[in-house]
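[1] Sequence first, predicted coordinates after that:
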Amino acid sequence: MDYFSDVGKDIIILAIESSCDDTSAAVIKNGEVLSNIVSVQTAHQEYGGVVPELASREHQVHIVPVVDAALKKAEVSLEDLNAVAFTRGPGLLGSLIVGVTFAKSLALSLDIPLIEVHHMHAHVLAHYAESPHPQLPFLCLTVSGGHTQIVKVHSHLHMEILGQTLDDAAGEAFDKAGKMLGLPYPAGPVMDKKAQEGEAKFAFSKSKVKGLDFSFSGLKTSILYFLRDQMKEDPEFINRELVHICASVQKSIIVMLMDKLKLAAEQTGITEIAIAGGVSANSALRTTLEQTAVEKSWTAYIPAFQYCRDNAAMIGVAGYYKYLAGEFVDQDITAEARLAF
């Protein structure tokens, strides 16, 4: 089938995202987001983290209603679709399989092309879901629960990792510190809110890594030992100083992120700077980037909150550029939990 037979026709893409614990579907028309529906799984909170088997079962329950809602909100029918884009990886294998299988089945039934999307590429390209967006080339600090990367974006389809975490991601550092403090999962948003009431008056040691790579293991250990020692002297220390501890942990993580981002900008000479991923919703990180942009004469790009978390709109935007390039995949495509960047 010639997918480009109707030159000048609208390009309407249904996008599916199921890499972790949120089920999402979106409709993109000529690169514009018409709908972006996300079903959030709450069943993991009592376990203090995402349970893979539970996540995949929840995706099976939610994927059809979510897709239906996305189509209805966009006022688009299945027959209007030109392609189906989906997250191939990285992520939880069981969760990915649900989305990949659904996308393959729908594309086969409608005889329209499939577009595989790398989850982390999509986080970067989420900036093109709205205006203004970065001018190429630009740097993107992508920070989430599973990844921390500084990416040089040469084009919509060509990206290069300049630095990344060697152990925990920034989001994991927030969540693990939050668990030490007795905060609910996910701890990042809770810590952000409490930090706004506190003062960053405690200092923690940090791992020193050369170049543009990150390491958060040393910070995590420093926080653990600090709390252990303080609790020996005062069992009420955490309860009494919680907002200040949160502010101190948050500042430490943000300083580590921004130090590497500033170094990347200096080394590349690029002044178009963006952040992306779940942790880009952190209020202190957003404020710090804005302040640094003024100091360094950068042009900073901060995504709307709906595009920070895992969502299908970013998958659809990435899929749109792949559609324009004719980058389609066959029905033998499979999910890849550790998909290379």
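    That came through, no problem. Residues are numbered from 1 along each chain as shown.

[2] Look up how far residue 31 lies from the residue positioned nearest the centre of the chain.
    Closest to where the C-alpha atoms of the chain average out (CA atoms, centre = their mean) is residue 277, at 2.9 Å. Taking CB to CB, to the nearest Å as the measure, residue 277 falls 21 Å from residue 31. C-beta here means a position set from N, CA and C on the backbone, and glycine is covered the same way.

[3] Tell me which residues touch the residue lying closest to the residue nearest to the centre of the chain once chain neighbours are set aside, please.
    Nearest non-adjacent residue to residue 277, counting by CB to CB, 6 or more residues apart in numbering: residue 144, 3.7 Å away. For residue 144, the contacting residues are 123, 169-171, 277-279, by CB atoms under 8 Å, 6 or more residues apart in numbering.

[4] What are the boundaries of the strands in the stretch 201-341 of the chain?
    Applying DSSP state E, counting those that start in this stretch to the stretch 201-341 of the chain gives strands spanning 272-276, 299-301.

[5] The contacts of residue 144 in helices, which ones?
    Judged by DSSP state H, the contacts of residue 144 include 123, 170-171 as members of helices.

[6] would you turn these into CSV with pLDDT, neighbour count and distance to residue 161?
    Below are these laid out as CSV (pLDDT from 0 to 100; neighbours: other CB atoms under 10 Å; distance: CB to CB, whole Å):
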residue, pLDDT, neighbour count, distance to residue 161
123, 97, 30, 13
170, 94, 29, 15
171, 92, 23, 17
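
[7] Switch those over to TSV; also include distance to residue 53.
    Shown next, in TSV, are the ones in helices among the contacts of residue 144 (distance: CB to CB, whole Å):
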residue	distance to residue 53
123	25
170	26
171	21
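
[8] Can you give me the domain assignment for this protein?
    12-125+308-325, 134-302 (automatic domain parsing).

[9] would you turn these into JSON lines with distance to residue 333?
    Shown next, in JSON lines, are the domains of the chain (distance: least, CB to CB, whole Å):
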{"stretch": "domain 12-125+308-325", "distance to residue 333": "6"}
{"stretch": "domain 134-302", "distance to residue 333": "18"}
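
[10] which one of those is the most hemmed in?
    domain 12-125+308-325 (a mean of 21; mean count of other CB atoms under 10 Å).

[11] now the end-to-end length of that one.
    End-to-end distance for domain 12-125+308-325, by CA to CA, to the nearest Å: 15 Å.

[12] Now stretch 66-80: average pLDDT?
    Stretch 66-80 comes out with an average pLDDT of 98.

[13] Can you get me the start-to-end distance on that stretch?
    First-to-last residue span, stretch 66-80, CA to CA: 18 Å.

[14] what residues does that stretch touch?
    12, 14, 16, 23-27, 29, 34-39, 102, 106, 110, 312.

[15] Mind checking which of those are in helices?
    Those of the contacts of stretch 66-80 mapping onto helices are 102, 106, 110, 312, per DSSP H.

[16] farthest-separated two in the contacts of residue 144?
    Using CB to CB, these span at most 13.1 Å, a distance reached by 123 and 170.

[17] Report the backbone C-alpha coordinates of stretch 98-107 in CSV.
    In CSV, the C-alpha atoms belonging to stretch 98-107 read as follows (Å, rounded to 0.1, in the frame of the first residue of the first chain):
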residue,chain,number,x,y,z
VAL,A,98,0.0,-4.3,26.1
GLY,A,99,0.5,-1.1,24.1
VAL,A,100,2.5,-2.6,21.3
THR,A,101,0.0,-5.5,20.8
PHE,A,102,-2.9,-3.1,20.8
ALA,A,103,-1.2,-0.8,18.3
LYS,A,104,-0.2,-3.6,16.0
SER,A,105,-3.7,-5.1,16.0
LEU,A,106,-5.4,-1.8,15.3
ALA,A,107,-3.0,-0.8,12.5
